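Asks: Dropping the sequence and predicted coords here.
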Amino acid sequence: MSKPLPEPAPESPSGPAPESPSGPAPGSPSGPASKTAPGSPSGPPVQARPRRSPAAASAPAAPSSTPLLALVAENGYAKTTIEGIAARAGVGKQTIYRWWPSRAAVLLDAFLDLTARAHEAMEGEAESEIPDTGDLAADLKRVLRATVDELNDPVFEAPTRALAAEGIVDPDLGARFTEALLEPQLQYYVRRVEAARDAGDVDPGTDPRLAVELLVGPLHHRWIHRTLPLTHAYADALVDHVLRGLAPRA
């Protein structure tokens with residue numbers, strides 16, 4: 001069962017009030033050496049959506065958004081409907097619309113809850129930063145391999161693909177997905193590259209954000225387009241090629 005959402009704003013005669021963006025983050029850490037990859041759904045902990053205040057405790061709770069994940073896994077996102085979500089949750093269709101403006105919004109909240117629960121199941125083992133062992137290549141290979149595992153995991157693959165597709169046609173949802181999940185995770189990579197630059201492990205002229213995009217961009221391109229298998233060997237090769245280009249100049 002997913003965590004309750006904040007109490008909805010009162011509806012206007014024309015329909016539900018728009019959602020407010022959720023805070024940062026599916027899958028982001030909170031301490032040193034992470035066992036899972038930032039940028040991967042079960043990586044560093046997600047900031048859960050705020051719990052309802054005691055004053056709102058007597059108000060009707062939001063229905064669970066998690067039935068959508070089961071429906072997506074069973075039928076695919078394209079065949080999943082608001083009616084189906086409502087039936088699986090045991091509520092009426094209007095109850096779903098009272099809390100979410102679209103099935104994509106339900107999916108995003110369900111996915112954020114999924115990643116939050118994945119972190120909680122680790123009992124705090126995930127940490128807040130990419131580990132800095134002094135070996136940049138080994139550190140990056142560790143997190144990219146974990147990202148490969150997450151993207152190949154059916155539990156996360158279907159909703160992640162659906163959100164990626166919806167974010168293209170729905171700019172607001174795409175922006176929320178980026179703000180809540182992607183950007184906080186990318187910043188873990190950025191800080192690790194910055195630390196390597198400060199230590200002299202990469203060229204002092206390195207742009208950390210650009211370096212990170214050279215790493216994760218090809219990985220996600222291969223995954224989203226299914227051009228070739230996404231493997232640990234590919235992740236390792238990406239790190240080796242990128243770091244060769246970032247090496248300090250003689």
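Replies: Okay, I see it. Because the structure is a prediction, the values reported are computed rather than measured. Numbering: from 1, shown residues only.
Asks: count of neighbours near Ala78?
Replies: If you count neighbours by other Cβ atoms under 10 Å, Ala78 ends up with 9. Heads up, the C-betas are built off the backbone N, CA and C, glycines and all.
Asks: Would you mind measuring from it to Tyr188?
Replies: 33 Å (Cβ to Cβ, to the nearest Å).
Asks: One more: Pro229?
Replies: Applying Cβ to Cβ to Pro229 and Tyr188 gives a distance of 26 Å.
Asks: What of Lys93?
Replies: In terms of Cβ to Cβ, Lys93 sits 39 Å off from Tyr188.
Asks: Mind checking which of these two has more residues around it?
Replies: Per other Cβ under 10 Å, whichever of Lys93 and Tyr188 has more neighbours is Tyr188, with 22 against 14.
Asks: Could you verify that the more buried one is part of a strand?
Replies: No: in this structure, Tyr188 is helix, not part of a strand, as judged by DSSP: H, G, I helix; E, B strand; the rest coil.
Asks: looking at it, it is touching Ile130, isn't it?
Replies: Yes: with contact defined as Cβ atoms under 8 Å, Tyr188 reaches Ile130; the gap is 5.2 Å.
Asks: Run through this protein and note the low-pLDDT ranges.
Replies: 1-63, 65, 119, 121-128 (pLDDT under 70).
Asks: could you pull out the helices for it?
Replies: For the chain, helices defined by DSSP state H occupy the ranges 67-75, 82-89, 93-99, 103-121, 136-151, 154-169, 171-177, 183-198, 208-225, 232-246.
Asks: Which stretch among those helices is buried most, on average?
Replies: Scoring the helices of the chain by mean neighbour count under mean count of other Cβ atoms under 10 Å gives helix 103-121 as the most buried, with a mean of 22.
Asks: what are the C-alpha coordinates of it, in PDB please?
Replies: The C-alpha coordinates for helix 103-121 follow below in PDB (Å, rounded to 0.1, in the frame of the first residue of the first chain):
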ATOM      1  CA  ARG A 103      -3.100   8.300 -15.400                       C
ATOM      2  CA  ALA A 104       0.400   9.500 -16.000                       C
ATOM      3  CA  ALA A 105       0.200  11.500 -12.800                       C
ATOM      4  CA  VAL A 106      -1.000   8.400 -11.000                       C
ATOM      5  CA  LEU A 107       1.900   6.500 -12.500                       C
ATOM      6  CA  LEU A 108       4.500   9.100 -11.400                       C
ATOM      7  CA  ASP A 109       3.200   9.000  -7.800                       C
ATOM      8  CA  ALA A 110       3.100   5.200  -7.800                       C
ATOM      9  CA  PHE A 111       6.700   5.100  -9.100                       C
ATOM     10  CA  LEU A 112       7.900   7.500  -6.500                       C
ATOM     11  CA  ASP A 113       6.200   5.400  -3.800                       C
ATOM     12  CA  LEU A 114       7.800   2.200  -5.300                       C
ATOM     13  CA  THR A 115      11.300   3.700  -5.100                       C
ATOM     14  CA  ALA A 116      10.700   5.000  -1.600                       C
ATOM     15  CA  ARG A 117       9.600   1.600  -0.400                       C
ATOM     16  CA  ALA A 118      12.600   0.000  -2.200                       C
ATOM     17  CA  HIS A 119      14.900   2.300  -0.100                       C
ATOM     18  CA  GLU A 120      13.000   1.600   3.100                       C
ATOM     19  CA  ALA A 121      13.400  -2.100   2.500                       C
END
